[in-house]
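Chemist: predicted model and sequence below, questions to follow.
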Amino acid sequence: MSNSDCVPPPKPMPRGNTQKDLEEFALALCASYARVPEVRAPFDARTLEWQGRPYIYVTGWDTKRKRRLLEVFQRHPKHFLEPMLAFQYPPPFRDLFKQDYDVLYSPDPWGESGHSQRN
C-alpha cells in the first residue's frame, strides 16, 4: 500500500461566501453520505433566519411525497458549515417538520415492535 492510498481526499469547500454558495455546499454534503431511509431526491437547501442567525437546512421527499428534514447546519468561521445535533435545532423547525420531530421526541420512536431491552 503506497502512502498516496492512505491520504484522505481533500475536504470539499464552498465556491464562495454567499448564502447561496453555502446552501449549495450543504446540498452537496448531504448528497455525499447516507441519508434518512425512504427519503429521496429531489433534495433542496434553504436558509431559515431565527433570532438573527442563519440556519441552513437540507430537505428531501419521503415515499408519501411529504417534505422531510435531512440536516441542519450553522455557519462556522473555520469549518464553513457545522452540522447540528437534532436537540439543538431552533424551535421553528418543529413547526416546519412536525413528522420528524414527532419521531425524534417520541417516547417510543420505533413503536410496538415486540423488542425489549435487557438489563
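Modeler: Done, it's in.

Chemist: middle-most residue in the chain, spatially?
Modeler: For the chain, the residue nearest the mean C-alpha position is residue 71 (1.0 Å; C-alpha atoms, centre = their mean).

Chemist: checking that residue next. Helix, strand or coil?
Modeler: strand (DSSP: H, G, I helix; E, B strand; the rest coil).

Chemist: wait, it sits on residue 85?
Modeler: No - using C-beta atoms under 8 Å, residue 71 is not in contact with residue 85; the gap is 10.8 Å. Yep, even glycine has a C-beta here, placed from its N, CA and C like the rest.

Chemist: could you dump the longest helix seen in the chain to CSV, C-alpha only?
Modeler: The helix that spans the most residues within the chain, counting by DSSP state H, is helix 19-31. This file holds the C-alpha atoms of helix 19-31, laid out as CSV (Å, rounded to 0.1, in the frame of the first residue of the first chain):
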residue,chain,number,x,y,z
GLN,A,19,-25.6,32.4,1.4
LYS,A,20,-26.4,30.7,-1.9
ASP,A,21,-22.9,29.2,-2.0
LEU,A,22,-23.3,27.8,1.5
GLU,A,23,-26.8,26.3,0.6
GLU,A,24,-25.2,24.6,-2.5
PHE,A,25,-22.4,23.3,-0.3
ALA,A,26,-24.9,21.9,2.3
LEU,A,27,-26.7,20.2,-0.5
ALA,A,28,-23.5,18.6,-1.8
LEU,A,29,-22.5,17.4,1.7
CYS,A,30,-25.9,15.7,2.2
ALA,A,31,-25.8,14.1,-1.2
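
Chemist: with that, I have no additional questions.
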